[in-house]
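Asks: sequence? don't have it. structure:
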């Protein structure tokens, strides 16, 4: 076996660590959590709409109508 016995003992452990890291990474990608703790994260379209309203680009009526349409499209309760 010589000096390579140690290497052959380490390889399976490294592979196991790699598989565990891959599973953790896949779960983190599948179930994202936003920085402010919302789960699940709000739709990006709603965030953009909110930003446009805050900047005064759209009126209150346009904001409400657009939000209603977005939520109906995504199947959320209005």
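Replies: Arrived safely. This one's a predicted model, so the numbers in the text were calculated from it and none came from an experiment.
Asks: Would you mind pulling up the elements that the helix or strand where residue 29 lies packs against?
Replies: When secondary structure is defined by DSSP states H and E, residue 29 falls within helix 5-30. Contact here means 3 or more C-beta pairs under 8 Å, 6 or more residues apart in numbering; DSSP states H and E; on that basis helix 5-30 packs against no helix or strand. For the C-beta atoms, the positions are set from N, CA and C on the backbone; glycine is no exception.
Asks: And the residue nearest in space to the middle of the chain, how far from residue 58?
Replies: Nearest to the geometric centre of the chain sits residue 32, at 3.0 Å (C-alpha atoms, centre = their mean). Between residue 32 and residue 58 the distance, using C-beta to C-beta, to the nearest Å, works out to 28 Å.
Asks: Can you give me the domain boundaries for the protein?
Replies: What automatic domain parsing lists as the domains of the chain is 1-31, 34-78.
Asks: just checking, which of these sits deepest inside the structure?
Replies: Comparing these by mean neighbour count (mean count of other C-beta atoms under 10 Å), domain 34-78 ranks first with a mean of 11.
Asks: For that domain, what is the distance to the chain centroid?
Replies: Its chain's C-alpha centre lies 17 Å from the corresponding centre of domain 34-78 when counted by C-alpha atoms, centre = their mean, to the nearest Å.
Asks: What mean pLDDT does that domain get?
Replies: Per-residue pLDDT values across domain 34-78 average out to 81.
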